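Chemist: here's a sequence, model it:
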Amino acid sequence: MAVYIAADNPLPLLEWQEDVTVFCVSELTEDEKRVSKQFSKPFLAYAGSLGGCSCGFSYGDEPVEDEDDRKQDALSRESVRQLSEYLSRLVKDGSIEIFACWEGDQEAEPEEEQSVTPDYFGGEAFSFKEKQFLIVNNPLT
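Modeler: Below you'll find the predicted structure:
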C-alpha cells in the first residue's frame, strides 16, 4: 500500500529511521511522481508508517493472538495516530488530499472518494482502501 498526500503549501518532511520511526513523510521518487494526476494541489509527498512503507497504516482487522501481534498492533495504531496529528496541523492552512493505492496503481482512477476530518484516521480499526481518494478538511470550518 502506498499513501500520498497533497497540499497547497510545501509539506513538512519527517525522516524515517529504522527501529525508531513509526511515521514519516518523504519526497516522491521519480517513479512516484506519476501519482500527481490524482491531485489538484501542487505539493506532494509520500506518507510512510512503521516500516517506512504505508502498509502499517492498518490495524484492528485481524485478531491479536500473541505478543508479536500486540506489538505490531500497537505500532500500527501509533502510526495512524501520528498521521492524524500531522494532518490536524496541516488542515489549519486548508484541505489536504490523500490517495491510497497499491504500488503500481498510482495512475489508476479512484474507486472511492470521501471528505473526512483528521479524526477519521483512528478508532477501533483502521485501514486505507485500495484506490481511495480522501479530502481531509479542518473540522472547525
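Chemist: now do the strands in this protein.
Modeler: Under the criterion DSSP state E, the chain carries strands at the ranges 2-7, 24-26, 43-48, 58-59, 96-101, 112-116, 126-127, 132-136.
Chemist: for the fourth one, the distance to its chain's centre please.
Modeler: The reference is to strand 58-59. For strand 58-59, the gap between its own C-alpha mean and the chain's C-alpha mean amounts to 12 Å (C-alpha atoms, centre = their mean, to the nearest Å).
Chemist: ok, now the fifth one?
Modeler: Distance of strand 96-101 from the chain centroid (C-alpha atoms, centre = their mean) equals 7 Å.
Chemist: what do you get for the first one?
Modeler: In terms of C-alpha atoms, centre = their mean, the gap separating the centre of strand 2-7 from the centre of its chain is 7 Å.
Chemist: and if you look at the third one?
Modeler: Going by C-alpha atoms, centre = their mean, the spacing between the C-alpha centre of strand 43-48 and its chain's C-alpha centre is 8 Å.
Chemist: just to revisit the earlier point, I'd like the strands of the chain laid out as a markdown table, including distance to residue 33.
Modeler: In this view, the C-beta of every residue, glycine as well, is placed from N, C-alpha and C. A markdown table is the format used below for those (distance: least, C-beta to C-beta, whole Å):
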| stretch | distance to residue 33 |
| --- | --- |
| strand 2-7 | 10 |
| strand 24-26 | 13 |
| strand 43-48 | 8 |
| strand 58-59 | 25 |
| strand 96-101 | 13 |
| strand 112-116 | 22 |
| strand 126-127 | 25 |
| strand 132-136 | 17 |
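Chemist: where does the prediction get shaky in this structure?
Modeler: Low-confidence segments of the chain (pLDDT under 70): 141.
Chemist: count the residues that sit near residue 134.
Modeler: Counted with other C-beta atoms under 10 Å, the burial measure for residue 134 works out to 24 neighbours.
Chemist: how many other residues sit next to the closest residue to residue 124 other than its chain neighbours?
Modeler: Taking C-beta to C-beta, 6 or more residues apart in numbering as the measure, residue 124 lies nearest to residue 60, with 5.5 Å between them; neighbours along the chain are not counted. For residue 60, the count of nearby residues is 15 (other C-beta under 10 Å).
Chemist: that's all I had, so thanks and see you.
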